[in-house]
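In: Sharing a model that was predicted from the sequence below.
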Amino acid sequence: EPEVTQTPSHQVTQMGQEVILRCVPISNHLYFYWYRQILGQKVEFLVSFYNNEISEKSEIFDDQFSVERPDGSNFTLKIRSTKLEDSAMYFCASKSTGNTDTQYFGPGTRLTVL
Amino acid sequence: GDSVTQMEGPVTLSEEAFLTINCTYTATGYPSLFWYVQYPGEGLQLLLKATKADDKGSNKGFEATYRKETTSFHLEKGSVQVSDSAVYFCALSKTNRDDKIIFGKGTRLHILP
């Protein structure tokens, strides 16, 4: 069964450094998402992406964040200058069309900012 | 704005006990409702969903019915197993431009052998 994959599974970085989290959505999916889960808290929406542009973003998704689909398979989340409070599990998700409601989640990347 | 409220955890039950995790929602329009499960150290897995009023979602012995009149989507299982120990998230989304998933805070479930 097709699945969403994410790399790396765990990323440790120093405060102020740039990180890029990578996701490979399911191959025929057109809609892409990033969510994050700070340890022990609920999962929060960051951004949605369709047709090579951001569809919606939350207030969390400030100028330090960016997303890109650099080729036909990858979907990336970049944090330009990481802060301690960016430490969280980041989940990528994808869905096939605008008329479906089911998003498929990857296993997540745990980001630790020291 | 739209939101999901679910019962606080942790919930601790003995194996073979009956499980109910309460979930209520606030939303405009007609959202789809979901239960996601997160096993220790793993990502989010869709457990079940319902797309309209009175629909019942079911999977792996779990069930939830979309109750529009009470804006609820309670999760139930008749006989839980140790392997059901996980965090359960109630969630909603819509199938239009505003399609982000809104999650509840999650309920941690411990099943004792």
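Out: Nice, thanks for sending it over. Numbering: from 1, shown residues only, chains lettered A, B, ... in the order given.
In: how much space between the closest residue to residue B:44 other than its chain neighbours and residue B:71?
Out: Counting by Cβ to Cβ, 6 or more residues apart in numbering or on different chains, residue B:44 lies nearest to residue A:105, which is 4.2 Å off, once chain neighbours are set aside. From N, CA and C alone the C-beta is placed, and that goes for glycine too. With distances taken as Cβ to Cβ, to the nearest Å, residue A:105 is found 25 Å from residue B:71.
In: of these two, who's got more company?
Out: residue A:105 (22 against 15; other Cβ atoms under 10 Å in any protein chain shown).
In: what's the more buried one in contact with, if anything?
Out: The contact partners of residue A:105, by Cβ atoms under 8 Å, 6 or more residues apart in numbering or on different chains, come to A:4, A:35, A:91, A:92, A:93, B:36, B:43, B:44, B:45, B:46.
In: Just grab the bridge partners of it for me.
Out: Here residue A:105 shows beta-bridge partners residue A:93, assigned using DSSP bridges.
In: for stretch A:52-71, how far is the first residue from the last?
Out: 10 Å (Cα to Cα, to the nearest Å).
In: correction: stretch A:36-56
Out: Span of stretch A:36-56 from end to end, Cα to Cα: 15 Å.
In: How about residues contacting that stretch?
Out: Contacts of stretch A:36-56 (Cβ under 8 Å, 6+ apart): A:30-35, A:57-58, A:60-61, A:65, A:67, A:69, A:75, A:77, A:85, A:87-91, A:98, A:108, B:44, B:89, B:97-106.
In: Thanks again, I'm all set now.
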